[in-house]
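**Q** fold the stuff below for me.
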Amino acid sequence: MVLGVDWLRKFSPILFDFIKIKITFKKEGRMLELKGIVETASLQRMTVEKVQKNLKTSIMGFVGQFFLIEATTVPLPILANTEIVGLLADYAEVF
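**A** All right, here's what the predicted structure looks like:
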């Protein structure tokens, strides 16, 4: 589920519980709770034939994702502000 900030702002304050996978907020004077499904998922490699068979006989959905991740180094521009250089160095894993 994807909830936009504009939508969430209407119900502020909101309580996120990432352990129980739920969101609690007040709407029109009532406390509402959105709960996530806590099932364990499994990943499987499937042949085209198996996907076609399951699509014909099942109501389950499939999500496929194909991607390539490459690590590259990008030279940082020369910065005159030493505070910014310090912050970038302190939090290099983020930037």
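
**Q** please enumerate the strands of this structure.
**A** Applying DSSP state E to the chain gives strands spanning 14-17, 22-27, 30-35.

**Q** I'd like the average pLDDT over stretch 11-31.
**A** The average pLDDT for stretch 11-31 rounds to 89.

**Q** on that earlier part again, so which of the strands of the chain is nearest Q52?
**A** Proximity to Q52, assessed across the strands of the chain by C-beta to C-beta, is greatest for strand 30-35 (33.7 Å). Placement of C-beta: from N, CA and C, glycine included.

**Q** paired strands for that closest one, with orientation please.
**A** Partner strands for strand 30-35, per DSSP bridges, with pairing direction: strand 22-27 (antiparallel).

**Q** show residues contacting the strand it pairs with.
**A** For strand 22-27, contacts defined as C-beta atoms under 8 Å, 6 or more residues apart in numbering pick out 3, 8, 11-17, 31-36.

**Q** pick the one among the residues you listed closest to L55.
**A** Relative to L55, and with distances defined as C-beta to C-beta, the nearest of the contacts of strand 22-27 is G36, at 25.7 Å.

**Q** all helices for the chain, in order.
**A** Secondary structure of the chain by DSSP state H: the helices cover 5-9, 48-57, 82-90.

**Q** want to throw the ones you listed into JSON lines with mean neighbour count and distance to K26?
**A** Formatted as JSON lines, these follow (neighbours: other C-beta atoms under 10 Å; distance: least, C-beta to C-beta, whole Å):
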{"stretch": "helix 5-9", "mean neighbour count": "9", "distance to K26": "13"}
{"stretch": "helix 48-57", "mean neighbour count": "10", "distance to K26": "42"}
{"stretch": "helix 82-90", "mean neighbour count": "11", "distance to K26": "37"}
